[in-house]
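Visitor: here is my input, please return the structure:
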Amino acid sequence: MNNPLLENTELPLFSRIKPEHIEPAIEQLLSAAQASVETLLSENDVYNWENLIAPLDEAEDRINKAWSPVSHMNSVVNNDELRDAYNACLPKLSAYSTEMGQHQGLFNAYLAIADSHDYVQLEPAQQKVIQNALRGFRLSGVDLDQQKKARYKEISLELSQLSSKYEENLLDATNAWQKLVSKKSNLAGLPESAMQQAKQTAEQEGKKGWMLTLQFPSYIAVMTYADDRQLRADMYKAFSTRASELGANSDWDNSDIMEKTIALRHEKAQLLGFNNYAELSLATKMADSTQQVTDFLDELAEKSLPQAHKDLAELAEFAKQQHGIAKLHTWDTGYYSEKMRQHAYDLSQEEVKQFFPAPRVLQGLFDVVEKLYGLNITELDNVDVWHKDVRFFQIKDKAGELRGKFYIDLYARPKKRGGAWMDDCVGRKKTGDTIQIPVAYLTCNFTPPAGDDPALLTHDEVLTLFHEFGHGLQHMLTKVDYLGVSGINGVEWDAVELPSQFMENWCWEKEGLALISGHYKTGEALPEDLFNKMLAAKNFQAGMIMVRQLEFSLFDFKMHQDYSPELGAKIYAGLNAIRAQVSVMIPPDFNRFAHSFSHIFAGGYAAGYYSYKWAEVLSSEAYSLFEENGIFDQKTGDAFLTHILETGGSADAMELFVKFRGREPKIDALLRHSGIAA
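Guide: Numbers count the residues shown, from 1 in each chain. Modelled structure (predicted):
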């Protein structure tokens, strides 16, 4: 059988990849990698970079380049056969990873290189690869006795399977819910674009009327604009109970998965000598201690809560005075916030959208990075992709050198995981005189085009696109030639959001907006008065937004820090305690937010969700230098490119940040950018 996953092509052969190719390819590559390790260890008496680490990198890269398109397709064009093949490989990959991480001979070989005379001759990036690998061995249980090693392996396998099942349950629960509305009047308040989209969704299902779903563009349109309070309440309940015991189908209930996940993470941490999983999580992050993280979050909460209480009181008063609403519910806040925004700033999100057609925003984003870093981005045709909406681009620098390529998949659809993300398709590495060019996936879930009009993006969606592209730039612009620390590899997790949050700033600047906006029909520039209204409303309800993020961060961190095997995870008791401390709008008892909190139960953010706020401090402080020097100042742009984007994980994040900014970060710039007094 010709297997496209085993062909060493520059890019994945998406149209040829079938579910039956997946398991044989992964088995063959894992087996080859294991055999390669044993051969390398037996053939050499003295180990060095060339005879051990470089060939191991090559084997790892082959595995990554086969697994990457499989994992990606499982997220963006999911079906039962693909899902089964993907899940069949998880135990094999987990076993391989644990076996390599606990391989005493391999660990000893790395130690020997680190202790050798040759080590000091290596580049700093190579030394960092070796130091990270030694830490990785220890965090994989290489020092444990045989019984504990075996238990570690079992835990790792089960956690991998639980994570996948959690994500599947959430995807299935999201896709299963639909509401067909037959009377247009029942959707009063919804903008024409949302109505058109609902009609298009119904037609695709062969039905008449307007189809509402829990895909985010449909859900958020109802929560923001629908005048029918009961409709908002119904959709809120469906959305906030997805994949829970209160959802439509008990087969998709994530309750047991969550409980087991937290218990297994705790057991894993204790096996490795940590008190709890939060401590284990920090072993690969910038933050020095759990105390430092909770102090950081508590300080932000203390400074933000007064503003958040004020925001909510003003919203409640507005809803009461203007609309006669005696009590605000959680399904009211988005709706009345939009009404209040329109009233206070004469600003309608629907009006704003007219100036952000997706093609203009995308080209404008490319223009922004051209002005900042001298990059030239062009589209390439005839590239094999997984869906007709996907486009493909290449990036060249000011010297004309090819630096990276990326796929972009912008629109929501059934069988596609919700949210937005950047992922690694191919990583940069050097073999001989050849550089492997990095390739990224950029995935969003925006409202698709309806009829003949282009997709129109909300300003929040524009921010999301810039955010994910910031991640992509760090992956693609790396100049590090060693896979373990090129791109986002090896970057401390609480610094990984710096380039992404940093990019969002240009969406608020007049010079930036001039490049990314223009009326979708006339091309007219964003009017001055509309820009001023957007700016005035920028920090609207900033206190409420801040404490909501702090709620997620503290819940995640303390759940992992305070876990006790005797008492269990106490997920909702813990969440309610955090809400009592930092929240101003307490959701109803039926809310099952944690059942769809993929970041921590199925993503890489366990005991690390605080990273968003941590990195936002870095981002605000970094951007303040552009505010001082000019937002397109070439010298400052070059410095950010050199010290942050090109360096990957080749040095400690704080060291690189200080090289760029000249000082360690403080929270003042974040509070100022958020409109919260320091």
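Visitor: check contacts around the closest residue to L457 other than its chain neighbours.
Guide: Among residues not flanking L457 along the chain, F356 sits closest, at 4.4 Å (CB to CB, 6 or more residues apart in numbering). Just so you know, the C-beta spots here come from the backbone N, C-alpha and C atoms, and that holds for glycine as well. The neighbours of F356, taking CB atoms under 8 Å, 6 or more residues apart in numbering as the test, are L456, L457, T458, H459, E461, V462, I516, S517.
Visitor: M73 reaches I17, doesn't it?
Guide: Yes: the criterion here is CB atoms under 8 Å, and M73 meets it with I17 at 6.8 Å.
Visitor: can you verify K430 is assigned to a strand?
Guide: Yes: under DSSP: H, G, I helix; E, B strand; the rest coil, K430 falls within a strand.
Visitor: counting neighbours, what do you get for the nearest residue to it once chain neighbours are set aside?
Guide: Leaving aside its sequence neighbours, K430 sits nearest to D481 (CB to CB, 6+ apart; 3.6 Å). A total of 18 residues lie near D481 under the criterion other CB atoms under 10 Å.
Visitor: can you tell me the SS state at D481?
Guide: coil.
Visitor: look up how far N254 lies from the residue nearest to L457.
Guide: 35 Å (CB to CB, to the nearest Å).
Visitor: likewise for R579?
Guide: The spacing between R579 and N254, counted by CB to CB, is 20 Å.
Visitor: more neighbours: the two, which one.
Guide: The neighbour count for R579 versus N254, taken as other CB under 10 Å, is higher for N254 (29 against 20).
Visitor: tell me the confidence at the more buried one?
Guide: Note for N254: predicted pLDDT of 98.
Visitor: contacts only, for it.
Guide: With CB under 8 Å, 6+ apart, N254 has these contacts: Y166, N169, L170, A243, S244, H595, S596, F601.
Visitor: hmm, the first one is touching I257, no?
Guide: Yes: in this structure, Y166 is within contact of I257 by CB under 8 Å, at 4.9 Å.
Visitor: need the overlap of contacts for these two.
Guide: Counting by CB under 8 Å, 6+ apart, the residues touching both Y166 and I257 are F601.
Visitor: need the contact partners of stretch 317-329.
Guide: Contacts for stretch 317-329 (CB under 8 Å, 6+ apart): A233, L312, L315, A316, D332, Y336, K339, M340, H343, M585, P588.
Visitor: tell me the two of those residues that are most distant?
Guide: H343 and P588 (26.5 Å; CB to CB).
Visitor: could you check how far the nearest residue to L473 once chain neighbours are set aside is from E628?
Guide: Leaving out its chain neighbours, the residue that sits closest to L473 by CB to CB, 6+ apart is L645, at 5.5 Å. Here the criterion is CB to CB. By it, L645 lies 20 Å from E628.
Visitor: comparing the two, which residue is more hemmed in?
Guide: Between L645 and E628, counting by other CB under 10 Å, L645 is the more crowded of the two (23 against 9).
Visitor: surely the more buried one is in contact with L477?
Guide: Yes: look at L645 against L477 with CB under 8 Å: they come within range, at 4.6 Å.
Visitor: need the overlap of contacts for the two.
Guide: Y373.
Visitor: excluding its backbone neighbours, what's nearest the residue most central in space within the chain?
Guide: By CA atoms, centre = their mean, the chain has its centre lying nearest to W421, at 4.4 Å. Nearest-residue entry for W421: T443, 5.4 Å, with adjacent residues in sequence omitted and distances by CB to CB, 6+ apart.
Visitor: so what's that neighbour bridging to?
Guide: In this entry, T443 is beta-bridged to D409, W421, by DSSP bridges.
Visitor: for it, give its distance to N108.
Guide: 41 Å.
Visitor: continuing past the one helix or strand L162 maps to, what's the next helix or strand?
Guide: Element membership for L162, per DSSP states H and E: helix 146-176. Where DSSP H and E defines the elements, the next helix or strand beyond helix 146-176 is strand 178-181.
Visitor: quick one: contacts of that next one?
Guide: Residues contacting strand 178-181 (CB under 8 Å, 6+ apart): L187, A198, A202, E205, K207, G209, W210, M211, L212, T213, D234, M235.
Visitor: just the CA trace of the next helix or strand after it, in CSV.
Guide: Scanning forward in sequence from strand 178-181 by DSSP H and E, the next helix or strand is helix 192-204. Only the C-alpha atoms of helix 192-204 are listed here, as CSV (Å, rounded to 0.1, in the frame of the first residue of the first chain):
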residue,chain,number,x,y,z
GLU,A,192,-29.2,40.5,8.7
SER,A,193,-25.9,38.8,8.4
ALA,A,194,-26.8,36.4,11.3
MET,A,195,-30.2,35.7,9.8
GLN,A,196,-28.7,35.0,6.4
GLN,A,197,-26.2,32.6,8.0
ALA,A,198,-29.0,30.8,9.9
LYS,A,199,-31.1,30.5,6.7
GLN,A,200,-28.0,29.1,4.8
THR,A,201,-27.5,26.5,7.6
ALA,A,202,-31.1,25.4,7.4
GLU,A,203,-30.9,25.1,3.6
GLN,A,204,-27.7,23.0,3.9
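Visitor: what's the helix or strand following helix 192-204 packed up against?
Guide: Next in sequence after helix 192-204, counting helices and strands by DSSP H and E, comes strand 210-213. Packed against strand 210-213 by the contact rule (3 or more CB pairs under 8 Å, 6 or more residues apart in numbering; DSSP states H and E) you find strand 178-181, helix 192-204, helix 216-225.
Visitor: and with 10 Å instead?
Guide: helix 146-176, strand 178-181, helix 192-204, helix 216-225, helix 229-240 (3 or more CB pairs under 10 Å, 6 or more residues apart in numbering; DSSP states H and E).
Visitor: wait, which of those is closest to S116?
Guide: helix 146-176 (26.9 Å).
Visitor: tilt between that closest one and helix 216-225?
Guide: If you take axes from the mean of the first three to the mean of the last three CA atoms, to 10 degrees, helix 146-176 sits at 60 degrees to helix 216-225.
Visitor: and helix 146-176, what does it pack onto?
Guide: Using 3+ CB pairs under 10 Å, 6+ apart: helix 146-176 touches helix 54-76, helix 80-101, strand 210-213, helix 229-240, helix 255-271, helix 598-601.
Visitor: dump the ones you listed to TSV, plus distance to F137 and mean neighbour count.
Guide: Output for those, formatted as TSV (distance: least, CB to CB, whole Å; neighbours: other CB atoms under 10 Å):
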stretch	distance to F137	mean neighbour count
helix 54-76	13	19
helix 80-101	6	17
strand 210-213	46	24
helix 229-240	42	19
helix 255-271	14	18
helix 598-601	26	20
